[in-house]
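Asker: no sequence on this one, just coordinates:
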């Protein structure tokens, strides 16, 4: 991350965020993070899958654009731009992009496995 560090915050311009492959048809950018919080942008092509997984982080997902089918635990939800999901730590979840789009994920604490 090439964020400019200021006294009480950092600033990262979108075009400076490293693009990482996150699976077939999915790329992510780590937009900003500290030890206790992280914001990640995920861009999905139509049909791309975020495979079922779990992690020890609480996660809020905001759908910026597109349409997705999410499985969270034993439930399945269809979401679109403007919708939000909360996934508590340890809950199995994943998604399929019904229409290509962008989502923002907010994690607490930060996903150390995303930081290279």
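Answerer: That came through, no problem. Since the structure is predicted, the reported quantities are computational estimates derived from the model, not experimental observations.
Asker: tell me which residues form a beta bridge with the residue nearest to residue 72 when sequence neighbours are not counted?
Answerer: Closest residue in space to residue 72, ignoring its immediate chain neighbours: residue 93 at 4.6 Å, by C-beta to C-beta, 6 or more residues apart in numbering. Glycine gets a C-beta too; all of them are placed from N, C-alpha and C. Beta bridges link residue 93 to residue 53, residue 72, judged by DSSP bridges.
Asker: Tell me how many other residues surround residue 93.
Answerer: Neighbourhood size, residue 93 [other C-beta atoms under 10 Å]: 20.
Asker: Check the one 10 residues further on too.
Answerer: Other residues near residue 103 come to 26 when the count uses other C-beta under 10 Å.
Asker: close enough to count as contact, it and residue 44?
Answerer: Yes - the pair residue 103 and residue 44 passes the contact test of C-beta atoms under 8 Å, sitting 7.4 Å apart.
Asker: Now for those two: what residues contact both?
Answerer: 66, 68 (C-beta atoms under 8 Å, 6 or more residues apart in numbering).
Asker: Against residue 55, how distant is the residue nearest to residue 72?
Answerer: 9 Å (C-beta to C-beta, to the nearest Å).
Asker: before we move on, what about residue 111?
Answerer: For residue 111, the distance to residue 55 - C-beta to C-beta - is 7 Å.
Asker: Appreciated, that's everything.
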